[in-house]
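Asks: Have a look; sequence and predicted model below, questions after that.
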Amino acid sequence: MLASLEADRCRILNLESQILELQQAILTLETEQDVVQSRLDGYKYPVLTLPNEIISEIFLWFIPSYPSPPPLAGSTSPTSLTHVCRRWREIAIAIPQLWRAVEFTDIIPLEQQEHLGALWIDRSKLFPVSVRLCTSVGSLPALSALVPYMPRCEHLTLSFDTLRMEYSSMPLLRDLSVDVKRTCSLSARLVFQDTPKLRRVVLGSFVIGRIDLPWAQLTSLSLNQAFVSESEIILRQTPRLVYLAVDFIMISSDSDSVYPDILLLDLQTCLLHSELGVPYPEFFCSLVAPSLRRLELSGGFVEEDDCIDSLKSFISKSGCEISHLLIAGQYDVGEAYLQAFPSIPVFCEG
């Protein structure tokens, strides 16, 4: 019994000695830990030493140039900048230019689009905004979140299945693009009248003829897959055009049609394309554009037998001095234009 007690006393002394050694080792490790942590705490990553103004400028280079929108979500979205650290989040949220361009697509869920779209435009403060709606009919409820911000809309692109929506006053709108799918059925005309700053418009084929715009104030107009009759009606209402691009759709028409003159006194650039078989030289000759400098022709028009004569008649009638003539067609067709207009710089594309 006494021998057993003596053994336990020796064991206790041995354990106490080991505990002291371990405690000393822990103390040494904790001291080293404090030293290493102090070095880490004292180090600042170079990017974090930059002033907020420089970081803000870097953030603005992270996104596409306005009015092109970055994606609402993902690694290239400005939202990703808010996830790096608290300072970056505060800086990013405080930059209204970072959030002023929004695009709705079908890539992310409707609820997320609605939330993020309203959040972004709210962060843009009082800046004019750019909105792209390239989405399906199922996503249209998301547009309700944008209604309070439409008076700040400067650039608007609409491309989806249906246009059953109301457009509020947009006094800052300068740039409008509207297109719908072939299956779209418009129950009423689209009206964009309260837009005093609107200057540039791009229209798709199923919108042309079913939209009311302040035509007289436009300076740039693009019509995609347009009928000659629709184009004529519109161009008689756009006397201030500086830029015109028309893609004529294939139709059956009377080649002997006579069109009254259409005066486009400020027009400087004109791009015309037609499908094969579209006889519109008569319509082209009805244009009077004395300020025209750049003319580009392609498609069926340049392959018409009387196109060169029509072009000569147009130039003579308008009294314009063309400095750039682009002919896009077959190579032998381009050669004919080179010979017909030796004094005009002609560029040919096959």
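Replies: Good, I have the coordinates. Numbering: from 1, shown residues only.

Asks: Measure how buried E114 is and give me the count.
Replies: 18 (other CB atoms under 10 Å). Yep, even glycine has a C-beta here, placed from its N, CA and C like the rest.

Asks: do the same with L40
Replies: Count around L40 with other CB under 10 Å applied: 7.

Asks: That one and Q33, how far apart?
Replies: Noted for L40: a distance of 10 Å to Q33, by CB to CB, to the nearest Å.

Asks: And P46, by the same measure?
Replies: On the measure of CB to CB, P46 and Q33 end up 26 Å apart.

Asks: Comparing those two, which shows the higher neighbour count?
Replies: Legend: neighbour count by other CB under 10 Å for P46 and Q33, higher for Q33 (10 against 6).

Asks: where's that one, which helix or strand?
Replies: Element membership for Q33 (DSSP states H and E) is helix 2-42.

Asks: Pull out the buried residues from stretch 50-63.
Replies: If you call a residue buried by 16 or more other CB atoms under 10 Å, then stretch 50-63 has these buried ones: I55, S56, F59, I63.

Asks: Wait, L203 touches L218, no?
Replies: No: L203 is beyond contact range of L218, at 10.8 Å (criterion: CB atoms under 8 Å).

Asks: now S222, what's its secondary structure?
Replies: Under DSSP: H, G, I helix; E, B strand; the rest coil, the three-state class of S222 is strand.

Asks: residue contacts, it?
Replies: V201, V202, L203, L244, A245, V246 (CB atoms under 8 Å, 6 or more residues apart in numbering).

Asks: neighbours of the closest residue to A289 other than its chain neighbours, just the number please.
Replies: Spatial nearest neighbour of A289, chain neighbours left out: L267 (4.1 Å); criterion: CB to CB, 6 or more residues apart in numbering. For L267, the tally of surrounding residues (other CB under 10 Å) stands at 28.

Asks: Verify the assumption that L267 is located in a helix.
Replies: No: assignment of L267 by three-state DSSP gives coil, placing it outside any helix.

Asks: From W215, how far off is it?
Replies: Distance from L267 to W215, by CB to CB: 14 Å.

Asks: Report how many residues lie close to the spatially closest residue to L338 that is not a sequence neighbour.
Replies: Counting by CB to CB, 6+ apart, L338 lies nearest to V346, which is 5.2 Å off, once chain neighbours are set aside. Neighbourhood size, V346 [other CB under 10 Å]: 18.

Asks: Next up, the contacts around V346.
Replies: L325, L326, I327, G334, Y337, L338.

Asks: what's the neighbour count on L20?
Replies: Neighbours of L20 (other CB under 10 Å): 10.

Asks: ok, it to I26 distance?
Replies: For L20, the distance to I26 - CB to CB - is 11 Å.

Asks: again, but for V242
Replies: On the measure of CB to CB, V242 and I26 end up 80 Å apart.

Asks: between those two, who's got more neighbours?
Replies: Counted by other CB under 10 Å, V242 and I26 do not tie: V242 has more neighbours, with 16 against 10.
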